[in-house]
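[1] Below is the sequence, then the predicted model.
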Amino acid sequence: MAKDSRIEWTHHTFNPWWGCVRVSPACAHCYAETWAHRLGAKLWGRDAPRRFFNEEHWRHPIKWNKEAERAGERRRVFCASMSDVFEVRAELNSWREKLWPLIEQTPSLDWLLLTKRPQNIQRMTPWGANWPLNVWLGTTAENQKHAELRIPHLLESPARVHFISAEPLLGSLSIKKWKGIDWVIAGGESGHHARPTDPEWIRALRDECDERKIAFHFKQWGHWAPELPHGITPRQKLQLEGPGRSRILYGLGKSAAGRLLDGRTWDQFPA
Ligand code: SF4
């Protein structure tokens with residue numbers, strides 16, 4: 001199967017374990033925690049256990065790698081959607097040690113390691129100044145404050161691709177001051193308690209990417225959208241006050257809100 005993840009920008013997802021601890025405002029409505037909870041698993045917090053997987057689970061990437069090789073393609077693997085690979089917790093060390101050789105053994109897969117703890121990357125990975133070419137390293141920047149804290153750590157590691165996940169975008173964000181960012185994924189928050197994203201924050205980020213030739217991917221509006229599709233009655237309305245003018249956001253739910261920004265989709269990937 002060429003694609004088995006519902007996340008638009010990846011073919012596969014691989015989780016070395018499930019469970020995590022919240023670290024910043026972007027975690028407030030962590031969908032992984034909600035999803036695990038729905039399945040009856042209490043895996044979030046320092047005192048909660050983590051869930052680990054058997055050898056069959058760990059063989060999936062080997063299979064995906066063979067499929068990609070046979071197809072003569074590169075395929076992306078998002079690692080991890082249900083945890084953070086760089087969480088500090090002693091029992092995770094042996095599982096991390098199992099992940100690094102797996103990445104090296106699957107050169108037809110591009111591994112997207114996305115973390116909110118980039119300060120731990122250098123000491124937890126074995127590669128120092130020589131990273132395998134199939135790692136794309138990313139960090140979340142939900143606002144300027146967390147960009148300032150995390151992006152410098154991200155850029156310390158010489159991965160082939162560095163990316164920023166500005167999702168959910170909770171404040172204005174400028175990435176102009178950093179060199180070496182290859183890709184930005186942006187989006188709003190979904191779910192009942194979704195916080196609004198000002199469309200002007202998304203536009204400003206897109207324009208910065210455009211000026212600097214950084215690939216830009218707009219994933220979704222999430223719950224709140226700036227335009228009301230024909231024939232849809234909004235569940236809520238919200239007035240945002242911003243520089244120059246106020247704007248209305250409509251609470252539509254994720255699928256009605258869609259992913260058009262200024263009339264088109266933005267699905268760029270790094271070269
Ligand atoms: S770091 Fe990721 S997985 Fe962990 S709590 Fe935050 S959003 Fe959830």
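    Looks like it came in fine.
[2] thought Ala41 was touching Ala32?
    No: counting by C-beta atoms under 8 Å, Ala41 stays clear of Ala32, with 10.4 Å between them. Placement of C-beta: from N, CA and C, glycine included.
[3] Quick check: neighbours shared by these two?
    Trp18 (C-beta atoms under 8 Å, 6 or more residues apart in numbering).
[4] residues contacting the residue nearest the centre of the chain?
    The chain has Ser165 as the residue nearest its centroid, 4.8 Å off, counting by C-alpha atoms, centre = their mean. Applying C-beta under 8 Å, 6+ apart to Ser165 gives the contacts Leu114, Gly138, Thr139, Thr140, Ala141, Ile185.
[5] So which elements touch the helix or strand where Lys63 lies?
    If you go by DSSP states H and E, Lys63 is part of helix 55-71. When contacts are defined as 3 or more C-beta pairs under 8 Å, 6 or more residues apart in numbering; DSSP states H and E, helix 55-71 packs onto strand 12-13, strand 75-79, helix 93-104, strand 109-115.
[6] Would you mark the buried spots in the very next helix or strand once past the last one?
    Counting by DSSP H and E, the element after strand 109-115 in chain order, helix or strand, is helix 121-124. Taking 16 or more other C-beta atoms under 10 Å as the neighbour-count basis, helix 121-124 is seen to contain the buried residues Ile121, Met124.
[7] swap in stretch 209-228?
    Neighbour counts over stretch 209-228 (16+ other C-beta under 10 Å) mark 209, 214-228 as buried.
[8] who touches Leu155 in this structure?
    His162, Trp178, Gly180, Ile181.
[9] Please disregard the earlier target; I meant Lys3.
    By C-beta under 8 Å, 6+ apart, the contact set of Lys3 is His11, His12.
[10] ditto for the one 10 residues further on
    Each residue near Thr13 by C-beta under 8 Å, 6+ apart is listed here: Ser5, Ile7, Val77, Phe78, Cys79, Ala80, Ser81.
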